[in-house]
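Visitor: Dropping a prediction and its sequence here:
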Amino acid sequence: MNIVIFGAPGSGKGTQSDRLIAEYGLHHISTGELLRKHIAEGTHLGKVADSFISQGQLIPDELMIDVLHDLFRQHPEHIAKGVIFDGFPRTIAQAEALSEMLKEYNTEVHAVVGLDVDEDELIRRMLQRGKESGRADDNIDTITKRLQVYHKQTAPLRDYYTNKGSFHPIDGNRTVDEIFDSIKLVFCNK
Ligand code: AMP
């Protein structure tokens, strides 16, 4: 089963992905983590990514889709296992590319779990994470930009996946355990 965990920055996608991996043994693809690894290693991709991430902007679609495509080609076994996509897709173009790529492996996106969290809570969580992890883009200026980008470029995916019948909204303002229980219900009904 391939799941997209969807939500604004700070909505708890990474936390819930960790729980899903522990429970269902899925493979985790977090594009944000992947890019941060490239930045830490100083690769060419890392340098390009850093210039967008530090401004709170999205990496251009063509580049992001190429990165995913390479990952699929290098590790087809991950797709066979089932994947949690965390932070991808973030645009309609990426969503369409994802369906095409999965089709090559005779599979699809089975469910999209959307974590709904109030904006003041998102900001509170990201500022807290910035303090604890030192994550460079968790500062108030970049957070504000990321939220604007989310509303403009990423939020339209809600309607896109709702029209496909695969979107499952979940109240993400609750505790980690309560949210995870709701996500498990989506799994049970699939
Ligand atoms: P995240 O860890 O998912 O919050 O991602 C951190 C940053 O990485 C985002 O603010 C974007 O700049 C970049 N990024 C991550 N995933 C994508 C994606 N699918 N498309 C474009 N940019 C991305």
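Guide: Nice, thanks for sending it over. It should be emphasised that the depicted structure is a prediction, and the values quoted were computed from it without experimental measurement.

Visitor: Give me the neighbour count for residue 147.
Guide: By other C-beta atoms under 10 Å, the residues close to residue 147 number 18. Heads up, the C-betas are built off the backbone N, CA and C, glycines and all.

Visitor: per-residue confidence at it?
Guide: pLDDT for residue 147: 98.

Visitor: With the one 5 residues further on instead?
Guide: For residue 152, the pLDDT comes out at 98.

Visitor: ok but it is inside a helix, no?
Guide: Yes. Checked against DSSP: H, G, I helix; E, B strand; the rest coil, residue 152 lies within a helix.

Visitor: Could you measure from residue 138 over to the ligand?
Guide: Using C-beta to the nearest ligand atom, to the nearest Å, one gets 9 Å for the distance from residue 138 to the ligand.

Visitor: Verify the stated contact: that residue with residue 124.
Guide: No. The criterion here is C-beta atoms under 8 Å, and residue 138 misses it with residue 124 at 11.3 Å.

Visitor: Which residue of the two possesses the greater neighbour count?
Guide: Taking other C-beta under 10 Å, residue 138 and residue 124 do not tie; residue 138 has more neighbours (21 against 13).

Visitor: would you list every one of the strands in the chain?
Guide: Taking DSSP state E as the criterion, the chain carries its strands at 3-7, 27-30, 83-86, 111-116, 167-171.

Visitor: what's the most buried one of those?
Guide: strand 3-7 (a mean of 25; mean count of other C-beta atoms under 10 Å).

Visitor: Just want the residue of the chain that's nearest the ligand.
Guide: Relative to the ligand, the nearest point of the chain is residue 32 (1.9 Å; C-beta to the nearest ligand atom).

Visitor: wait, isn't that residue in contact with residue 87?
Guide: Yes. Residue 32 lies in contact with residue 87 (C-beta under 8 Å); the separation is 4.6 Å.

Visitor: Looking at those two, which one has more neighbours?
Guide: Ranked by neighbour count (other C-beta under 10 Å), residue 32 and residue 87 place residue 87 first, with 22 against 19.
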